[in-house]
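Peer 1: fold the stuff below for me.
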Amino acid sequence: MKKGIHPAYHEINVTMTDGNTVKMYSSVKKDLILSTDNLNHSAWTGQRTNTGDKGQRASAFKSKFAGFKF
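Peer 2: Got it, this is the predicted structure:
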């Protein structure tokens, strides 16, 4: 690595949504408090927030491009 072009890394505390604190290294000099992590994000929990859609996107797409032949 070239010297003098990379930011300095500092040890910070990252607070998760459940209150647990994890030590990490970052170029940011302040501690972080997360509002979203693997405990409450739908990608990890399996819960979807747009369950009310029920095919509306597909029907809108079909009606928008009805004249095209795919």
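Peer 1: pull the helix or strand with minimum mean pLDDT from the protein.
Peer 2: Taking mean pLDDT, DSSP states H and E as the measure, the chain has helix 42-45 as its least confident helix or strand, at a mean of 71.
Peer 1: how far is it from where the chain is centred?
Peer 2: In terms of CA atoms, centre = their mean, to the nearest Å, the centre of helix 42-45 is found 10 Å from the chain centre.
Peer 1: could you pick out the longest helix of this structure?
Peer 2: Looking across the chain with DSSP state H, the single longest helix is helix 56-64.
Peer 1: would you mark the buried spots in that one?
Peer 2: Going by neighbour count (16 or more other CB atoms under 10 Å), nothing in helix 56-64 comes out as buried. Every C-beta, even on glycine, is put in place using the N, C-alpha and C of the backbone.
Peer 1: now do stretch 11-18
Peer 2: Under the neighbour-count criterion of 16+ other CB under 10 Å, stretch 11-18 has 12, 16 buried.
Peer 1: the longest helix of the chain packs against which elements?
Peer 2: Judged by 3 or more CB pairs under 8 Å, 6 or more residues apart in numbering; DSSP states H and E, helix 56-64 has no packing partners among the helices and strands.
Peer 1: what is the mean pLDDT for it?
Peer 2: Per-residue pLDDT values across helix 56-64 average out to 82.
Peer 1: returning to that earlier point: and the least confident helix or strand of the chain, C-alpha only, in CSV?
Peer 2: C-alpha atoms of helix 42-45 as CSV (Å, rounded to 0.1, in the frame of the first residue of the first chain):
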residue,chain,number,x,y,z
SER,A,42,-36.5,-7.9,6.5
ALA,A,43,-33.7,-9.4,4.5
TRP,A,44,-32.6,-11.4,7.6
THR,A,45,-35.9,-11.8,9.4
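Peer 1: now do the strands in the protein.
Peer 2: 10-15, 21-26, 32-33 (DSSP state E).
Peer 1: how about low-confidence regions in the protein?
Peer 2: Scanning the chain for pLDDT under 70 picks out 1, 44, 47-55, 70.
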